[in-house]
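Q: Pasted the sequence and its predicted model underneath.
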Amino acid sequence: MKPLRKAVLPVAGLGTRFLPATKAMAKEMLPVVDKPLIQYAVEEARAAGIEQFCFVTGRGKTALVEHFDIAFELEATLRERGKTEALAQLEGASAVPGSIVSVRQQVPLGLGHAIWCARAFVADDPFAILLPDDLVLADVSWVKQLADVYRETGGNVVAVEEVPREHTNRYGILKVGRDDGRVVEVTGLVEKPKPEEAPSTLSIVGRYVLLPDVIGEIARFEKGAGGEIQLTDAMARLIGRQPFHGLRCAGRRFDCGDKAGFLEAQIAFALARPDLAAKVRAFLPRYA
């Protein structure tokens with residue numbers, strides 16, 4: 001079994017739900033407290049031992065790569081002024097040379113197509129996928145939790161959560177086999193089924209650990225829900241040929257592609273900070 005060392009981050013979306021803020025700014029650069037969404041995702045992956053990252057970008061997304069570059073002038077100024085605390089805060093926004101690459105998804109043909117664009121990066125290795133819109137607050141990185149199950153099972157693993165039945169048409173939904181309350185055997189996958197047709201209410205959320213064989217399935221370029229090339233459809237074709245499991249990860253996910261979810265994440269992450277928690281608790285009652 002090959003170690004998990006690579007991650008693909010699809011970040012080509014336009015972020016239309018956050019206009020006008022995202023008119024000239026990548027949505028993944030929106031900050032939660034004082035750190036952009038893309039940095040949270042990279043730090044989560046690093047905590048699982050990920051060493052190489054591929055950003056699947058689009059036009060106007062160069063700031064995502066530049067965020068992890070060395071800011072010589074800024075760092076020199078902070079050093080000269082003795083601002084060691086501010087310098088330390090930049091550590092998570094730096095990268096080992098050569099550890100981050102980017103590829104372009106010129107046409108928005110779906111999540112599956114975005115992953116296919118990273119095919120040369122993936123090569124023959126297992127890889128994680130992180131959707132930065134899904135922000136996680138957990139004691140143990142969700143990618144680390146998935147990686148542990150990957151090592152146990154030797155196959156594909158996706159993070160899963162229960163959703164209201166009326167919302168199944170927003171997610172990839174699992175057909176479930178054995179279920180021990182934490183790890184679920186996946187016997188089928190359906191992308192965005194109608195509530196009355198959904199095989200369960202257990203949905204895939206934005207973390208995956210996949211074997212490289214999925215790239216070949218995506219390369220069939222079969223269009224699915226919404227007329228797009230769906231990652232869920234490609235994964236479904238691997239079921240029965242490779243181990244496939246879902247994991248109910250420990251921790252809390254915030255949908256930062258949604259305005260209300262993004263605002264809730266601000267509060268939750270601020271309350272988790274020793275330097276901010278008391279101040280936030282002091283002002284929250286004013287808005288109850």
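A: Arrived safely, thanks for sending. Here the structure is a predicted model, which is why all the values come from computation and not from measurement.
Q: all contacts plus neighbour counts: C-alpha atoms, from now on.
A: Noted.
Q: okay, and the helix or strand of the protein with the least pLDDT?
A: helix 84-89 (a mean of 88; mean pLDDT, DSSP states H and E).
Q: those helices in the protein, which residues are they?
A: 37-46, 62-66, 72-80, 84-89, 111-116, 119-122, 142-153, 213-218, 231-236, 259-271, 277-283 (DSSP state H).
Q: Go through the ones you listed and name the closest to Val183.
A: helix 142-153 (8.3 Å; CA to CA).
Q: Now do the closest one against helix 37-46, angle only.
A: 30 degrees (axes from the mean of the first three to the mean of the last three CA atoms, to 10 degrees).
Q: Buried residues, helix 142-153. List them.
A: Neighbour counts over helix 142-153 (16 or more other CA atoms under 10 Å) mark 142-147, 149-150 as buried.
Q: cool, and stretch 128-142?
A: Buried, per 16+ other CA under 10 Å, within stretch 128-142: 128-137, 141-142.
Q: residues in contact with that stretch?
A: 4, 6-11, 28, 37-38, 40-41, 44-45, 47-48, 143, 159, 205-210, 249-257, 265, 269 (CA atoms under 8 Å, 6 or more residues apart in numbering).
Q: pLDDT on it, on average?
A: In this model, stretch 128-142 carries a mean pLDDT of 97.
Q: Next, the distance between the ends of it.
A: 11 Å (CA to CA, to the nearest Å).
Q: got it, and stretch 209-229?
A: 19 Å.
Q: contact partners of that stretch?
A: Contacts of stretch 209-229 (CA under 8 Å, 6+ apart): 109-113, 115-116, 119, 122-129, 143, 146-147, 150, 155-158, 191-192, 230-231, 233-235, 237-238.
Q: which of those residues count as buried?
A: Buried among those (16+ other CA under 10 Å): 109-113, 115-116, 119, 122, 125-129, 143, 146-147, 150, 155-158, 191-192, 230-231, 233-235, 238.
Q: And the strands in this protein?
A: Applying DSSP state E to the chain gives strands spanning 6-10, 31-32, 35-36, 52-57, 100-104, 127-130, 134-137, 156-162, 172-179, 183-191, 202-210, 244-247, 252-255.
Q: Report the distance from the second one to the chain centre.
A: Using CA atoms, centre = their mean, to the nearest Å, the distance from the centre of strand 31-32 to the centre of the chain it belongs to is 15 Å.
Q: repeat for the first one
A: For strand 6-10, the separation from the chain centroid amounts to 8 Å (computed by CA atoms, centre = their mean).
Q: quick one on the thing from earlier: could I get the strands of the chain as JSON lines with distance to Arg79?
A: What follows is the strands of the chain, written out as JSON lines (distance: least, CA to CA, whole Å):
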{"stretch": "strand 6-10", "distance to Arg79": "32"}
{"stretch": "strand 31-32", "distance to Arg79": "24"}
{"stretch": "strand 35-36", "distance to Arg79": "21"}
{"stretch": "strand 52-57", "distance to Arg79": "29"}
{"stretch": "strand 100-104", "distance to Arg79": "26"}
{"stretch": "strand 127-130", "distance to Arg79": "34"}
{"stretch": "strand 134-137", "distance to Arg79": "31"}
{"stretch": "strand 156-162", "distance to Arg79": "41"}
{"stretch": "strand 172-179", "distance to Arg79": "48"}
{"stretch": "strand 183-191", "distance to Arg79": "48"}
{"stretch": "strand 202-210", "distance to Arg79": "37"}
{"stretch": "strand 244-247", "distance to Arg79": "44"}
{"stretch": "strand 252-255", "distance to Arg79": "35"}
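Q: Which one of the ones you listed lies nearest to Glu85?
A: Nearest of those to Glu85, taken as CA to CA: strand 35-36 at 15.0 Å.
Q: mind checking which of the helices of the chain is nearest Leu19?
A: helix 259-271 (10.7 Å).
Q: Distance-wise, check Asp69 relative to Gly82.
A: 21 Å.
Q: Tell me which of the two has more neighbours.
A: Neighbour count, other CA atoms under 10 Å: between Asp69 and Gly82, Asp69 has more, with 15 against 11.
Q: List the contacts of that one.
A: For Asp69, the contacting residues are 93-95, by CA under 8 Å, 6+ apart.
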